[in-house]
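A.B. asks: this is a predicted model, with the sequence first.
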Amino acid sequence: MPDPILLFHLSDLHFGLEDRAALAWVERCIASDRPQAVAITGDLTMRARRREFAAAANWITAIDRPVTVEVGNHDMPYFNLWERFTDPYRRFRGMEVMVEREIELPGVALVPLKTTARAQWRFPWSNGWITGEALAETLAAIDALPTGMRVLVTAHHPLIERRHDGKLLTRGGTAAMAALAERGVLAVLSGHIHDAFDMVAKTDGGPLRMIGAGTLSRRIRSTPPGFNELTITGREISVRVRNLADVPTAEMQIDEVPENALPPREPGEPVAPVAMVPDEDPPVH
């Protein structure tokens with residue numbers, strides 16, 4: 001049996017509202033533990049501003065390990081709709097090679113799955129959408145791998161399409177989960193909701209494991225900032241949710257995927273509107 005593979009799974013850094021102490025701690029963990037790769041499953045920024053992307057790029061490109069980065073809904077231009085529709089990845093300068101990058105390790109491959117959209121025929125646009133084209137690209141990448149390669153799929157949004165109450169979450173998620181399960185994918189790694197989870201979905205293609213990482217920002221939901229340490233031995237994945245508060249893994253993981261990453265409100269508490277301030281950059285035409 002090959003040696004175990006150590007991966008770090010980070011998500012939702014939200015530069016602009018990042019937790020600097022948590023990021024400095026992760027830097028030390030990477031330097032000391034030397035994972036074979038680092039997967040960052042989206043939301044690098046808070047409002048997709050250029051200064052936030054610059055800070056994110058500086059931090060991510062300093063990681064001395066192979067890195068793959070997913071695009072999160074917060075990474076799509078907020079205030080410049082022209083750029084959002086014509087060149088939504090423009091601001092990833094400096095880390096373009098890491099975006100939706102496939103990584104092959106000894107016996108294990110990380111394959112991206114795009115779940116963000118420039119726009120949707122529904123609101124909020126922040127919810128996930130797996131288009132037929134995006135799924136086809138991911139499946140083609142998996143099918144092109146050598147026989148016997150173990151696969152982890154990286155995405156920003158959890159793939160669950162509907163909650164138990166019928167609320168639509170990630171459009172196209174049901175078909176995507178079934179197709180990935182049919183191909184024997186070890187797990188889907190995602191973020192978006194700011195709490196960690198580890199659960200198995202029943203699909204028409206068989207069971208599919210879904211592993212979510214929390215946040216490394218100050219925009220926490222119900223658990224402190226943290227990241228997932230994954231150890232892959234054969235087809236087994238051991239998950240440890242590391243955090244500065246030393247909360248046990250089982251207590252860091254939630255049992256059900258919520259709709260979004262907003263902190264829970266107390267009963268009767270009014271919903272505060274998001275402050276929409278102009279982008280610091282002029283529109284690009």
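C.D. replies: Looks like it came in fine. Given the structure is predicted, the values throughout are model-derived calculations rather than measurements. Numbers count the residues shown, from 1 in each chain.
A.B. asks: tell me the helix or strand right after the strand or helix carrying A176.
C.D. replies: Using DSSP states H and E, A176 sits within helix 173-182. Helices and strands here follow DSSP H and E; after helix 173-182, the next one along the chain is strand 187-190.
A.B. asks: give me the buried positions along the helix holding A176.
C.D. replies: Across helix 173-182, burial judged by 16 or more other Cβ atoms under 10 Å covers G173, T174, A175, A176, M177, A178, A179, L180, A181. All C-beta atoms are positioned from the backbone trio N, CA, C, and that covers glycine.
A.B. asks: next: stretch 53-65.
C.D. replies: In terms of neighbour count (16+ other Cβ under 10 Å), stretch 53-65 has its buried residues at F53, A55, A56, A57, W59, I60, I63.
A.B. asks: again with stretch 155-175
C.D. replies: For stretch 155-175, a neighbour-count test (16+ other Cβ under 10 Å) marks 155-161, 169-175 as buried.
A.B. asks: could you check how far the residue positioned nearest the centre of the chain is from R51?
C.D. replies: Geometric centre of the chain, nearest residue: T41, 2.3 Å, by Cα atoms, centre = their mean. Using Cβ to Cβ, to the nearest Å, T41 is found at 22 Å from R51.
A.B. asks: same question for I142.
C.D. replies: Noted for I142: a distance of 37 Å to R51, by Cβ to Cβ.
A.B. asks: so which residues of the stretch 1-150 of the chain form strands?
C.D. replies: Counting by DSSP state E, counting those that start in this stretch, one finds strands in the stretch 1-150 of the chain at the ranges 5-10, 37-40, 67-69, 103-105, 108-112, 150-154.
A.B. asks: point out the most buried one among the ones you listed.
C.D. replies: Counting by mean count of other Cβ atoms under 10 Å, strand 37-40 has the highest mean neighbour count of those, with a mean of 26.
A.B. asks: neighbouring strands for it, and are they parallel or not?
C.D. replies: strand 5-10 (parallel), strand 67-69 (parallel) (DSSP bridges).
A.B. asks: R209 is in contact with A181, correct?
C.D. replies: No: if you go by Cβ atoms under 8 Å, A181 and R209 don't touch, sitting 9.2 Å apart.
A.B. asks: may I have the helix or strand P207 falls within exported as PDB, CA atoms only?
C.D. replies: P207 belongs to strand 206-212 when elements are defined using DSSP H and E. The C-alpha coordinates for strand 206-212 follow below in PDB (Å, rounded to 0.1, in the frame of the first residue of the first chain):
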ATOM      1  CA  GLY A 206     -24.400   5.200  -5.000                       C
ATOM      2  CA  PRO A 207     -23.100   6.900  -1.800                       C
ATOM      3  CA  LEU A 208     -21.000  10.000  -2.000                       C
ATOM      4  CA  ARG A 209     -18.900  11.500   0.800                       C
ATOM      5  CA  MET A 210     -19.000  15.300   1.200                       C
ATOM      6  CA  ILE A 211     -16.400  17.100   3.400                       C
ATOM      7  CA  GLY A 212     -16.700  20.800   4.100                       C
END
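A.B. asks: show me how far it is from its chain's centre.
C.D. replies: Mean-position distance between strand 206-212 and its chain equals 14 Å (Cα atoms, centre = their mean, to the nearest Å).
A.B. asks: parallel or antiparallel, list what pairs with that strand.
C.D. replies: When DSSP bridges is applied, strand 206-212 pairs with strand 187-190 (parallel), strand 197-203 (antiparallel).
A.B. asks: need the next SSE after it, C-terminal direction.
C.D. replies: Remark: after strand 206-212, the chain's next helix or strand is strand 226-233, criterion DSSP H and E.
A.B. asks: right, I'll leave it there.
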